[in-house]
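In: Next comes the sequence, and after it the predicted model I'd like to discuss.
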4 protein chains.
Amino acid sequence: MIVALKSTSTNEQIAHLENWLKSRGLTVHISRGEYQTVIGLVGDTSKIDDDLLSGLDIVEKVTRISEPFKSANRKFHPDDTVVETCGVKIGGGNFAVMAGPCSVESREQLCNIAEDVKKSGASVLRGGAFKPRTSPYDFQGLKAEGIELLLEAKALTGLPIVTEIMNPAHIDMFENVDIIQVGARNMQNFELLKELGKTNKPILLKRGLANTIKELLMSAEYIMAGGNEQIILCERGIRSFDGYTRNVLDLSAIPVLHELTHLPVIIDPSHATGVSRYVKSMAMAAAAAGADGLMIEVHNNPSAALCDGPQSLTPAQFDDVMKAVEKIRMVI
Amino acid sequence: MIVALKSTSTNEQIAHLENWLKSRGLTVHISRGEYQTVIGLVGDTSKIDDDLLSGLDIVEKVTRISEPFKSANRKFHPDDTVVETCGVKIGGGNFAVMAGPCSVESREQLCNIAEDVKKSGASVLRGGAFKPRTSPYDFQGLKAEGIELLLEAKALTGLPIVTEIMNPAHIDMFENVDIIQVGARNMQNFELLKELGKTNKPILLKRGLANTIKELLMSAEYIMAGGNEQIILCERGIRSFDGYTRNVLDLSAIPVLHELTHLPVIIDPSHATGVSRYVKSMAMAAAAAGADGLMIEVHNNPSAALCDGPQSLTPAQFDDVMKAVEKIRMVI
Amino acid sequence: MIVALKSTSTNEQIAHLENWLKSRGLTVHISRGEYQTVIGLVGDTSKIDDDLLSGLDIVEKVTRISEPFKSANRKFHPDDTVVETCGVKIGGGNFAVMAGPCSVESREQLCNIAEDVKKSGASVLRGGAFKPRTSPYDFQGLKAEGIELLLEAKALTGLPIVTEIMNPAHIDMFENVDIIQVGARNMQNFELLKELGKTNKPILLKRGLANTIKELLMSAEYIMAGGNEQIILCERGIRSFDGYTRNVLDLSAIPVLHELTHLPVIIDPSHATGVSRYVKSMAMAAAAAGADGLMIEVHNNPSAALCDGPQSLTPAQFDDVMKAVEKIRMVI
Amino acid sequence: MIVALKSTSTNEQIAHLENWLKSRGLTVHISRGEYQTVIGLVGDTSKIDDDLLSGLDIVEKVTRISEPFKSANRKFHPDDTVVETCGVKIGGGNFAVMAGPCSVESREQLCNIAEDVKKSGASVLRGGAFKPRTSPYDFQGLKAEGIELLLEAKALTGLPIVTEIMNPAHIDMFENVDIIQVGARNMQNFELLKELGKTNKPILLKRGLANTIKELLMSAEYIMAGGNEQIILCERGIRSFDGYTRNVLDLSAIPVLHELTHLPVIIDPSHATGVSRYVKSMAMAAAAAGADGLMIEVHNNPSAALCDGPQSLTPAQFDDVMKAVEKIRMVI
């Protein structure tokens, strides 16, 4: 951590700051120049509050060299985390595809899709029971009933299930859910993250629309600080200025995250592009770039889906994507 | 609402769609061209789900002409909403300044600042009891105790108080709070918005870092759909590519929002810039652009603030800002 | 093209507009509703000026259904364009890798790299003679001498060369250059594009940092309107809010562009990420997503490169990338 | 300037780098820590190439504390630059409004507008002769004839003129132009900037759509490095994700630029918002925030303007804006 001081700082002020920093257990190196004095801090700076330091009268700029996340940091945990549920492994060379409808609509719909995606090689069933929708007038999901239907589809197919939570008060309803998803809009819903830190369930944490990679890792850190280290990170597109795709899929997040953290990283090309005909090429690209898995929307009748129809694949299209991804996986 | 159809659509498909749309109570106008057929929908389209329509096989593109928000829409409520609490009015020509520390830290700190900002002309006291922080290792607020201290400062000064809620489960603790704030990170925490729709408290709704103006209004619509129409909108900077200010303050949101909605609009120059020495000019600009109020951080000792010190003004600086804003208000 | 009219429009005004539109050769369909009248325009709208139409008193909003680009539009030219130079083909199933140093530094440097990249399978040699640098104090390229050295390396290896032009006045110096590059910063330097439209050279057109896909195609249209249809499009990262990579590589631009245009699309993972250790995974992802080629920086001694060292691969690293990309190409 | 080294750096490598840095005239301070060694550089680092340094094998990260621009830097030139042409002063407390049509269309149009805007208090006449248009099929300006008409309007009214250059080869045509404008799309057209550095004309340099404030200042530095120090900076909106305004006007750029540079800063609310009815509030806000001037589009018949009609004010609306801005100016 580097602290550049204002040129107006007095020797007394600098000495005062130096002592305070040393009292926090840090080694302090001071470089004095004609125009600028710079302090280098060495040691565990992850619990130093940048804002507090920046707020000091004599400080011009604070720059972090090391990252403020610790449990999620690969530097301190060099080996890949492998998340495991119902025999399915994600991360550390294990590739998993989560597929299913955006929303759970009915028993028949869900069970049919579940059987189809299992046949094509998916290892986790996804389906929204609680749906975050921009408009209060749009379909909000089947809620508790949706979770029941997911559990029925699990009983039928053996596929573990992943579904989204939106309210810390709902956590009891998720008792039998295998992987709990935190959606992009709730990535910084810290109250929800803290609650999930107390569970022992794998958490699928989606990156927010305009959140940095560092913020994503800090949100993972919230969950890990509570004791739950089974986290899967998911990139699903970031907001940009162009409208041809719903968001911009940031595939370089894969190598960047693999470098910074030991947690597995999956890609959701359906939400990222918002257009079903772009899903295949982005799924193949994600596999080629080293993703640990995919999350893909599949619907037996996308034209009649109650939500996000334009981005859903039919089971036949999904089967085609799985074959293409499999070929990529074999050569890397 | 305009629906452009794919050139491959058959007459039968088009007739089928036409009938379905008419059954939703809409007037349907069809323009057939050599390369493209276009359907114009007239009537109340606010409850039509864009995604559902886009998902139909024959649809190429859906364009909304009218807005999907209704309760917040000025077209249907031409007069300005005036939010009122403890005798303080906001909107419809009434200008209100909310000031106070980022975090409530102690009784002495809060009461001193409350008296100072009241003297300078603030009409609402702000102060964070629950603090959303990017890092789990940073100070998270005094919580319930913070609300108690705010109520003490209210008793002392008579200023109504505004403070942020982060969890629907905390709503009982906010019983005596005058204005409940929804922070930028929770603008699309729909579960929270729905709960707030059931209260009869004024809500201060902050725009998310990368949320469009339409999304802000849809979030207001969530609260209003529950029956609570006392909403104050707040622009506090959007995320961009430059780092000289923390965010980019979008002051053009003021005339845009005043055109689209009857709800009052205030500006938070402290969070937007993140730098106390830019607060004055942005506060003056906001007043000149027609804002209905301001939210400004004031701390008796910014260098020692437990959170967001760099953006806080001292009481003396705040007094100077208030005098400058007052001059602008007098000429517009 | 859809024109929504203001609710205040009179019948006379609407009839006046209708006649004017018909006089431009368009078929006009008018849908009148209680709150809104909408005009659908069918025919060749590519030469209608949106701004002119939006500026009319009675117009509320103009929405294009069809694209304003024509020569570049796949609708009118369904077959892939194949750009060819010195026997190298790009597009229509032909994959080409352009490799070489960011800047041409010396004969020895360039010739060594050229031989190395040829051996690894590159088919075009890249190298900057004129360098656009943010700072006037940074190295600006060897200019004319750089082009001479590129031609020497071409004579030695047989590889055609690609290098960037920054000034229409320099065009004579590019007489023997095989592919002329327009850099991201000059994507909307329309004077330069017009000059290049008069040449018969293949043009490599890079997408600007914050330009939409439509704007990229309109810039291609500038060149094509002059008669030069040999254009290769290049995605090289767009500007975003995160700093872990220099830009965000928008790989979904590959399927989107392949749908909208018949022109070949290549990817530059070196400039997009700005970090050499992320180049391999992004090159593989680009190949998997269906790119028609790659542009990769290679330097014999990246640590001593006069420009963009951190993103350059060594020849050995480049060879490794080529082998990985080749494997991906074989399975798609 | 701070250089963080990789933990794998050897003492020999560090000593080698230290010597090289000292040979560039810098004072070097080295802080060695258990996990990280950090080098602080003090002295004139403006001519150190960040890329070169980042490319070294042992370097992990380079952070600039001081700015890489020098001639434009207020630290070295504390007094405001006042740009002067034909008796009109801009900067250092002098407020100037540049007004006129987006494009010069005819003698009558231009002369009428020039007389109108002069009457309302404008001190410079703007008008486009060369127009950068996204589409090659849109009106491109009257070119040389447009400049002639501007000079006629100047002769008639005495107002100095400002108009945009797009090609270094056109510079002779601008001999009698008073202020030469560089448009947003050409902000990093370095060849053009270098040519303008050789003239003795005031330059109006507009910020690019996605350019940082630092990049804007580096472009000013390009002109200043050539010897021309008469530069006016102009903020005209940055690209964002929302579509209610064409761009987002970044008014906080005013206090930021005033802090970083001595050059005058003006605001163009017409291009920023793209909507004439938002121009007044943004012009007032700009004045309140301390801008040194404004650039506003005025057209006698916006509905018939050949370009950018929707954002142009009528002369009567402009007169109203000028009165409102004048009131703001009087109180600040």
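Out: All right, it came through fine.
In: for A:A72, what are its contacts?
Out: A:217, A:220-221, A:224, A:231, A:260-263 (CB atoms under 8 Å, 6 or more residues apart in numbering or on different chains). Where C-beta positions appear, they are placed from N, C-alpha and C, glycine not excepted.
In: same for chain C: which of those residues are within range?
Out: Among the contacts of A:A72, the ones lying near chain C by CB under 8 Å from any CB of the partner chain are A:L260.
In: Verify the stated contact: A:S240 with C:S240.
Out: Yes - assessed by CB atoms under 8 Å, A:S240 is found in contact with C:S240 at 6.8 Å.
In: shared neighbours of these two, anything?
Out: Joint contacts of A:S240 and C:S240 (CB under 8 Å, 6+ apart) are A:248, C:248.
In: near chain B, which residues of the stretch 51-200 of chain A?
Out: Checking the stretch 51-200 of chain A against chain B by CB under 8 Å from any CB, the hits are A:51-52, A:54-57, A:68-69, A:132-139, A:166-169, A:185-186, A:188-191, A:194.
In: Buried ones only from the residues you listed, please, as a PyMOL command.
Out: In PyMOL syntax, the buried subset of those is picked out as below (16 or more other CB atoms under 10 Å in any protein chain shown):
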select buried, chain A and resi 51+52+54+55+56+68+69+132+133+134+135+136+137+138+139+166+167+168+185+186+188+189+190+191+194
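In: what about the nearest residue to A:S31 once chain neighbours are set aside, is that helix, strand or coil?
Out: Once flanking residues are discounted, A:S31 sits nearest to D:H29: 3.2 Å by CB to CB, 6 or more residues apart in numbering or on different chains. Following DSSP: H, G, I helix; E, B strand; the rest coil, we place D:H29 in the strand state.
In: Would you mind naming the residues that bridge with D:H29?
Out: Assessed by DSSP bridges, D:H29 has beta-bridge partners D:G40.
In: OK, contacts around it?
Out: Neighbours of D:H29 in contact, by CB under 8 Å, 6+ apart: A:29, A:31-33, A:38, D:39-42.
In: Quick one, which of these are buried?
Out: The buried subset of the contacts of D:H29 (16+ other CB under 10 Å) comprises A:29, A:31, A:33, A:38, D:39-42.
In: re earlier: dump the contacts of D:H29 to a markdown table, plus pLDDT.
Out: Formatted as a markdown table, the contacts of D:H29 follow (pLDDT from 0 to 100):
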| residue | pLDDT |
| --- | --- |
| A:H29 | 78 |
| A:S31 | 74 |
| A:R32 | 74 |
| A:G33 | 65 |
| A:V38 | 78 |
| D:I39 | 83 |
| D:G40 | 77 |
| D:L41 | 79 |
| D:V42 | 74 |
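In: Specify which member of the residues you listed is nearest to chain B.
Out: A:V38 (18.4 Å; CB to the nearest CB).
In: Go ahead and confirm that closest one touches A:V3.
Out: Yes - the criterion here is CB under 8 Å, and A:V38 meets it with A:V3 at 7.2 Å.
In: So which residues of the stretch 51-200 of chain A form strands?
Out: Listed in chain order, the strands of the stretch 51-200 of chain A (DSSP state E, counting those that start in this stretch) span residues A:59-63, A:83-85, A:88-90, A:96-100, A:124-126, A:161-165, A:179-182.
In: between those, which one is nearest to chain D?
Out: Judging the strands of the stretch 51-200 of chain A by CB to the nearest CB, what sits closest to chain D is strand A:59-63, at 4.8 Å.
In: Quick check: the residue of the stretch 1-150 of chain A nearest chain C.
Out: For the stretch 1-150 of chain A, CB to the nearest CB, closest residue to chain C: A:E67, 10.6 Å.
In: contacting residues around A:A4?
Out: Residues in contact with A:A4 (CB under 8 Å, 6+ apart) are A:36-39, A:59-63, D:2, D:65.
In: er, A:K194 I mean
Out: A:168, A:222, A:226, B:136 are the contacts of A:K194 under CB under 8 Å, 6+ apart.
In: what's the distance between it and A:Y222?
Out: 6 Å (CB to CB, to the nearest Å).
In: Give me the common contacts of these two.
Out: Joint contacts of A:K194 and A:Y222 (CB under 8 Å, 6+ apart) are B:P136.
In: helix/strand/coil for the closest residue to chain B within the stretch 101-250 of chain A?
Out: At 3.0 Å from chain B, A:A210 is the closest residue in the stretch 101-250 of chain A, using CB to the nearest CB. Recorded secondary structure, A:A210: coil (three-state DSSP).
In: In contact with it, which residues?
Out: Applying CB under 8 Å, 6+ apart, the residues contacting A:A210 are A:238-239, B:209-210, B:239, C:241.
In: Excluding covalently adjacent residues, which one is nearest to it?
Out: B:A210 (3.0 Å).
In: any idea how far the one you found is from D:P78?
Out: If you go by CB to CB, the gap between B:A210 and D:P78 works out to 38 Å.
In: Next: A:I113.
Out: Counting by CB to CB - A:I113 and D:P78 are separated by 69 Å.
In: Compare those two (neighbour count), which wins?
Out: Remark: of A:I113 and D:P78, A:I113 carries more neighbours, 30 against 8, as counted by other CB atoms under 10 Å in any protein chain shown.
In: for the nearest residue to A:T134 once chain neighbours are set aside, what are its contacts?
Out: In this structure, A:T134 finds its nearest non-sequential neighbour in B:M218, 5.0 Å apart by CB to CB, 6+ apart. Contacts for B:M218 (CB under 8 Å, 6+ apart) come out as A:134-136, B:68-69.
In: Going through these, which one is the model least confident about?
Out: Here the lowest pLDDT out of those sits on B:P68, with 81.
In: Run a quick neighbour tally on the closest residue to A:D178 other than its chain neighbours.
Out: Spatial nearest neighbour of A:D178, chain neighbours left out: A:P160 (3.7 Å); criterion: CB to CB, 6+ apart. Residues contacting A:P160 under the criterion other CB under 10 Å number 21.
In: Find me the pLDDT at A:P160, would you?
Out: 98.
In: Now do the contacts for it.
Out: Shown in contact with A:P160 (CB under 8 Å, 6+ apart): A:85-86, A:88, A:123-125, A:154, A:178-179.
In: surely A:L260 meets A:A220?
Out: No - A:L260 lies out of contact with A:A220 (CB under 8 Å); the separation is 10.6 Å.
In: Between these two, which has more neighbouring residues?
Out: When neighbours are counted by other CB under 10 Å, A:L260 and A:A220 differ, and A:A220 comes out ahead with 25 against 20.
In: what about the more buried one, distance to D:V182?
Out: When A:A220 is compared with D:V182 (using CB to CB), they lie 45 Å apart.
In: now A:D319
Out: For A:D319, the distance to D:V182 equals 55 Å [CB to CB].
In: out of those two, which sits in the busier spot?
Out: Using other CB under 10 Å as the criterion, A:D319 and D:V182 rank with D:V182 on top: 25 against 17.
In: Dig out what that one forms beta bridges with.
Out: D:I165, D:L205.
In: My guess is it contacts D:L204. True?
Out: Yes - D:V182 lies in contact with D:L204 (CB under 8 Å); the separation is 7.0 Å.
In: Tell me where the stretch 201-332 of chain A has strands.
Out: Under DSSP E, counting those that start in this stretch, the stretch 201-332 of chain A gives strands at A:203-206, A:231-235, A:265-267, A:293-297.
In: Could you export those as a markdown table, including mean pLDDT and mean neighbour count?
Out: A markdown table is the format used below for the strands of the stretch 201-332 of chain A (pLDDT from 0 to 100; neighbours: other CB atoms under 10 Å in any protein chain shown):
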| stretch | mean pLDDT | mean neighbour count |
| --- | --- | --- |
| strand A:203-206 | 98 | 26 |
| strand A:231-235 | 98 | 27 |
| strand A:265-267 | 98 | 26 |
| strand A:293-297 | 98 | 28 |
